[in-house]
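Colleague: Got a predicted structure plus its sequence, pasted below:
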Amino acid sequence: MEQMPPLSRRRLLRALAATGAAALLRPQLASSQQARVLSRPIPSTGEELPVVGLGSWITFNVGNDTIARDACAQVMRAFFDSGGRLIDSSPMYGSSQKVIGYGLTKLNGPPSLFSADKVWISSGARGPEQIEASRRFWGVPRFDLLQVHNLLSWEEHLRTLFAMKAAGRLRYVGITTSEGRRHGEVERIMRAQPLDFVQVSYNILDRQVEDRILPLARDRGVGVIVNRPFREGELLRKLERHPLPGWTAEIDCASWAQIILKFIVSHPAVTCAIPATTRVDHVQENLAAATGLLPDEAMRRRMIAHVEKL
Amino acid sequence: MSEWWTYSLSDFLLFSPRTYYRLLELYNLAVWPWHILAIVLGLAVLVLWLRGGAWQGRIVAGIVATCWLFVAWAYLLARYDTINWAASYFAAGYAVEALLLVWTGLIRNRLSLRPSRDVAGAAGLCIFVFALFAWPLVGRLLGRPWLQAEIFGIAPDPTVVATLGVLIAADRTHWELLVVPLLWCAISGATLWTMQSPDALLAPIAALLALVLACWKTLSRLRQASPA
């Protein structure tokens, strides 16, 4: 076990400066717990967004089960209380949109919500109809961000989304992919279209996006949302069989989940990671990863070397 | 779907095991006491199977078709559809199977059963009895609560597997009736496998057995029909 050196302000500043994150990250006060949540500016507008959001893939697809819906609402309450803002969903995720709408109603429509959804239908002509259905499920006046899910019929849908943005019915436009698929096409779209966001999979073991997508996002001023940070829990299950590394406290972490999240959000191109969970303690743990120190480049390399050996 | 080789089964699983089994539990609570009628209908099929009679095939086909329609409506469309957008397509498949059963068995009377006439007859009966009596116990033996028990005529898997038993034991192999049940066993098996359910292979094994026996029956029939 490696020794844990004491934390210092100098170490913090060095860490932030090394990643280029010092200029980007700003602490924000959470509503009830008063925790300082790190945020990043959305490149196209400068609007601040906490670096940890909330995904809804699988976890919020609980159908009409009132007990499970209430549990999801509790997760959402803990998310907002801990300073979270961005919740992401898709028409592909079964009942997740309706469950988010149920939670938002229970929480009386938290004003800090940053609503991110997707359009996922092969017919471009039916995109607006699906978007309107999604909006009704959420119960929001408009979405903050709409993304073309997995690039499905992206040319037609992007036309719709840019038109909505121009008309003031949408604030941001993006595209998504996952598990490293179609990165060549993602790159071409990022170069050709005025995107606000791109959503990709990225974690300490799946780092393909570091080669081209993340540098391109920085160059083009495109925000990056990171999905599947824990490989749907598989990565955590693997890592949690091992003791925490000695350097854990150096980056203000107390769990493997926080180590993984801090690795992701310490990349200067990343705007926000969106882990999904059904548990209040997990959402609080995830948001706690958006506080305190972030690893610098040397620490990131150390983290990779450590995890790859496990 | 481009780059299809990069997809795994887990990419298609939209819900957690907890949600899946909780859905079954809520469904069982909602449709109770229809379980009693379903089991009585299953027993009726068994009695007709063993006793025979002129109306046997028609009544068995009618009962099994009714069960398929009930599962399609009450489970797939009304419940499963809330967590799986593909459920409406599955329900359509179930409705097609019900119509085929009605057409083949009820209207044309081409689905007669005789007990243990040959290997296929005995195997078909065993599969049906397993689906009717043992299937509800499987979940309990694996530690799931009784409220999540899967009952013939109510839940999809035992209904489909029991139907495979009937079809294998029928006088002749009706391939058009086997397509939907075999496909469902593959889909359900893949779903449970992805959820790491210990009973994931039950339906696929029943389907494989039914497929082998159906092939054997067809080949035997062809051999008998060909000149010596």
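Modeller: Yep, it's here.

Colleague: Just give the number of residues close to whichever residue of the stretch 1-150 of chain A sits closest to chain B.
Modeller: Proximity to chain B, evaluated over the stretch 1-150 of chain A using CB to the nearest CB, is greatest for residue A:63 at 3.6 Å. Placement of C-beta: from N, CA and C, glycine included. Per other CB atoms under 10 Å in any protein chain shown, the neighbour tally for residue A:63 reads 23.

Colleague: need the contact list for whichever residue of chain B sits closest to chain A.
Modeller: Relative to chain A, the nearest point of chain B is residue B:82 (3.6 Å; CB to the nearest CB). By CB atoms under 8 Å, 6 or more residues apart in numbering or on different chains, residue B:82 lies in contact with A:63-64, A:94-95, B:23.

Colleague: what about 10 Å?
Modeller: A:61-65, A:94-95, A:98, B:15, B:19, B:23 (CB atoms under 10 Å, 6 or more residues apart in numbering or on different chains).

Colleague: same question, residue A:135
Modeller: With contact taken as CB under 10 Å, 6+ apart, residue A:135 is in contact with A:97, A:101, A:115, A:117, A:141-143, A:146, A:169.

Colleague: Please apply the same query to residue A:280.
Modeller: A:71, A:74-79, A:81-82.

Colleague: Now the residues you listed in TSV, please, with extra columns for secondary structure and neighbour count.
Modeller: Below are the contacts of residue A:280 laid out as TSV (DSSP: H, G, I helix; E, B strand; the rest coil; neighbours: other CB atoms under 10 Å in any protein chain shown):
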residue	secondary structure	neighbour count
A:71	helix	19
A:74	helix	17
A:75	helix	23
A:76	helix	26
A:77	helix	17
A:78	helix	22
A:79	helix	27
A:81	helix	19
A:82	coil	24
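
Colleague: how about the residues of chain B near chain A?
Modeller: The interface of chain B toward chain A, taken as CB under 10 Å from any CB of the partner chain, is made up of B:1-4, B:6-8, B:10-11, B:13-16, B:18-20, B:22-23, B:25-26, B:78-87.

Colleague: Write a ChimeraX command that selects only the buried members of those residues.
Modeller: Selection command for ChimeraX covering only the buried members of the residues of chain B next to chain A, criterion 16 or more other CB atoms under 10 Å in any protein chain shown:
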select /B:13,14,15,16,19,20,22,23,25,26,78,79,80,81,82,83,84,85,87
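
Colleague: Show me which of the contacts of residue A:135 is closest to residue A:289.
Modeller: Of all the contacts of residue A:135, residue A:115 has the smallest distance to residue A:289: 22.1 Å, by CB to CB.

Colleague: other SSEs contacting the helix or strand containing that closest one?
Modeller: Counting by DSSP states H and E, the element that carries residue A:115 is strand A:114-119. Contact partners of strand A:114-119 among helices and strands, from 3 or more CB pairs under 10 Å, 6 or more residues apart in numbering or on different chains; DSSP states H and E: strand A:48-50, strand A:86-88, helix A:96-106, helix A:127-138, strand A:143-148, helix A:154-166, strand A:170-176, strand A:197-201.

Colleague: Let's see that with 7 Å instead.
Modeller: Applying 3 or more CB pairs under 7 Å, 6 or more residues apart in numbering or on different chains; DSSP states H and E, one finds that strand A:114-119 makes contact with strand A:86-88, helix A:127-138, strand A:143-148.

Colleague: now for the shortest one, which elements pack on it?
Modeller: Counting by 3+ CB pairs under 7 Å, 6+ apart, the packing neighbours recorded for strand A:86-88 are strand A:114-119.

Colleague: gap between the strand it packs on and the chain center?
Modeller: Relative to the centre of its chain, strand A:114-119 is centred 12 Å away, using CA atoms, centre = their mean, to the nearest Å.

Colleague: what does stretch B:35-52 give?
Modeller: 15 Å.

Colleague: Pull out the buried positions in that stretch.
Modeller: B:35, B:38-39, B:41-42, B:45-46, B:48-49.

Colleague: Adding secondary structure, write those out as CSV.
Modeller: Listed next are these as CSV, based on DSSP: H, G, I helix; E, B strand; the rest coil:
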residue, secondary structure
B:35, helix
B:38, helix
B:39, helix
B:41, helix
B:42, helix
B:45, helix
B:46, helix
B:48, helix
B:49, helix
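
Colleague: Quick one: classify the spatially closest residue to residue B:11 that is not a sequence neighbour as helix, strand or coil.
Modeller: Closest residue to residue B:11 apart from its sequence neighbours, by CB to CB, 6 or more residues apart in numbering or on different chains: residue A:179 at 7.3 Å. Following three-state DSSP, residue A:179 is assigned to coil.

Colleague: how much space between residue A:179 and residue A:199?
Modeller: 12 Å (CB to CB, to the nearest Å).
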